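# A predicted structure for the sequence below; I have some questions about it.
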Amino acid sequence: MKAYNIKNYGEPAKVLRLIEAEQPEPKNTEVQVKVCATTINDYDWCITTGKPFAYRFLFGLFSPRKKLMIPGMEVAGIVEQVGNNATKFKTGDAVYGDISEFGFGSFAEFFCIDEKALARKPDSMSFEEATSIPHAAMLALQGLRDVGQIKDGQNILINGGGGGVGSFGIQIAKFYKAEVTGVDTGEKLKAMKTQGFDNVIDYKKEDFTKNDQQYDLILDCKTNRSLWKFLKVLKPEGKYVSIGGSSGKLLQMLYMSPILKLFSKKRVHMVMLKANKDLEYINQLYEDNKINCVIDGPYTFDKIPWAIQRFGDGLHNGKIVISVI
């Protein structure tokens, strides 16, 4: 089978190699999946480039650990084989999911993963649409609803609104009749207006943390600024929610959150993602035509190194999707 292999950190085009690998066999509660579509995520960028450096303590200090040598953390595909103790799926089932809790490996024609990492794909959903949903939609939903406790009519800002999380975040926020401002740059701004953002801010031209506008809830998909700058544009009882980003800024948030509670009603939180937790809810929204998938692509399998670089450069609108078949 064909797969993308990485042995050293560096530029995606230089370190990702397309190889012929042995097709894996499922063990115990694993299933073998024929990959039909996959996506590009932040973890794929970090595993490939070794940036930010702090992630190397997770992935391997000098090079990616062996289990990460085939990246890819989201998948939509077809079950080809099942392990001896696997009971959730049968051969031929169409499945999808965020597999990162159990491993990686979707940048290949076939891979094996524990059956718990997957859910059945709705028949009405294409493989490309299905693979774009699990990670981004769960972050948006859990960030806004579960952690941010969004309420009707709030004024919300999504920093990094032009990416995958932002594309689902705007749709979820509109269920609550929120006024939503999105922050990004370039060609994304026009697309964001089309998607329903009430206001868009080009961060290259305007620093929203210096404006007079304040927000009830900020969903930060970047976490690339000082926490204190965000606090200035939060309303007195506002909430700031990060889904991840710069390790230094995340540590600042971790340490300052208890101190903030001593003198302010403003709150800061970080989403501890529960992978695939609300897929059935998102599926129902999709079936009812209340939510759609904003896809950048789909691109062909041979474009994966280029697509990872596109992600790292922040040029994508919505979710970068790779079609494998």
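On my side now, so go ahead.
# measure the residue most central in space within the chain to residue 143 for me?
Geometric centre of the chain, nearest residue: residue 136, 3.8 Å, by C-alpha atoms, centre = their mean. Residue 136 is 11 Å from residue 143, where distance means C-beta to C-beta, to the nearest Å. From N, CA and C alone the C-beta is placed, and that goes for glycine too.
# what touches both of the two?
residue 165 (C-beta atoms under 8 Å, 6 or more residues apart in numbering).
# circling back: so which strand or helix has the residue nearest to the centre of the chain?
Residue 136 belongs to helix 134-141 when assigned by DSSP states H and E.
# buried residues in stretch 217-225, which are they?
Neighbour-count burial for stretch 217-225, counted by 16 or more other C-beta atoms under 10 Å, picks out 217-223, 225.
# should've said stretch 65-84
In stretch 65-84, counting by 16+ other C-beta under 10 Å, buried: 68-83.
# just the endpoints, please. Distance across that stretch?
End-to-end distance for stretch 65-84, by C-alpha to C-alpha, to the nearest Å: 27 Å.
# swap in stretch 149-156?
12 Å.
# and stretch 227-240, by the same measure?
Distance between the boundary residues of stretch 227-240 (C-alpha to C-alpha) amounts to 9 Å.
# how far away is residue 315 from residue 175?
Counting by C-beta to C-beta, the gap from residue 315 to residue 175 is 29 Å.
# so, low pLDDT: which residues of the protein?
Under the criterion pLDDT under 70, the flagged ranges of the chain are 245-255.
# the domain parsing of this structure - what is it?
What automatic domain parsing lists as the domains of the chain is 2-133+293-323, 136-270.
# sorry, back to before: in the helix holding residue 136, what's buried?
134-141.
# could I get the residues you listed as JSON lines with distance to residue 120?
Below are the buried residues of helix 134-141 laid out as JSON lines (distance: C-beta to C-beta, whole Å):
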{"residue": "134", "distance to residue 120": "13"}
{"residue": "135", "distance to residue 120": "18"}
{"residue": "136", "distance to residue 120": "19"}
{"residue": "137", "distance to residue 120": "16"}
{"residue": "138", "distance to residue 120": "16"}
{"residue": "139", "distance to residue 120": "21"}
{"residue": "140", "distance to residue 120": "22"}
{"residue": "141", "distance to residue 120": "19"}
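# out of these, which comes closest to residue 186?
residue 136 (19.3 Å; C-beta to C-beta).
# which ones are touching that closest one?
163-165, 167-168, 319.
# same thing but at 10 Å, please
Shown in contact with residue 136 (C-beta atoms under 10 Å, 6 or more residues apart in numbering): 39, 41, 74, 98, 163-169, 221, 243, 293-294, 318-319.
# again, but for residue 168
Contact analysis of residue 168 by C-beta under 10 Å, 6+ apart lists 132-133, 136-141, 143-144, 195, 282, 285, 291-294, 318-319.
# can you say which of the domains of the chain is nearest to residue 276?
Taking those one by one with C-beta to C-beta, domain 2-133+293-323 is closest: 5.2 Å.
# distance between the ends of that closest one?
Terminal residues of domain 2-133+293-323 lie 14 Å apart, using C-alpha to C-alpha.
# starting at the chain centroid, how far to that domain?
Its chain's C-alpha centre and that of domain 2-133+293-323 lie 12 Å apart, by C-alpha atoms, centre = their mean, to the nearest Å.
# what segments of the stretch 51-200 of the chain are helices?
56-59, 127-131, 134-141, 164-175, 188-195 (DSSP state H, counting those that start in this stretch).
# distance to residue 261 added to those helices, as a markdown table?
A markdown table is the format used below for those (distance: least, C-beta to C-beta, whole Å):
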| stretch | distance to residue 261 |
| --- | --- |
| helix 56-59 | 29 |
| helix 127-131 | 39 |
| helix 134-141 | 25 |
| helix 164-175 | 26 |
| helix 188-195 | 33 |
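# so which of these comes closest to residue 90?
helix 127-131 (18.3 Å).
# other SSEs contacting the closest one?
Under the contact criterion of 3 or more C-beta pairs under 10 Å, 6 or more residues apart in numbering; DSSP states H and E, helix 127-131 touches strand 30-39, strand 74-82, strand 94-98, helix 279-287, strand 295-300, strand 319-323.
# switch to 7 Å and redo it
Applying 3 or more C-beta pairs under 7 Å, 6 or more residues apart in numbering; DSSP states H and E, we find helix 127-131 packed against strand 30-39, strand 74-82, strand 319-323.
# could you dump those strands to JSON lines with distance to residue 49?
Output for the helices and strands packed on helix 127-131, formatted as JSON lines (distance: least, C-beta to C-beta, whole Å):
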{"stretch": "strand 30-39", "distance to residue 49": "17"}
{"stretch": "strand 74-82", "distance to residue 49": "19"}
{"stretch": "strand 319-323", "distance to residue 49": "16"}
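# residue 224 versus residue 2, what's the distance?
35 Å.
# for the nearest residue in space to residue 173 that is not next to it in sequence, name its beta-bridge partners.
Nearest non-adjacent residue to residue 173, counting by C-beta to C-beta, 6 or more residues apart in numbering: residue 180, 4.9 Å away. Note on residue 180: beta-bridge partners residue 156, judged by DSSP bridges.
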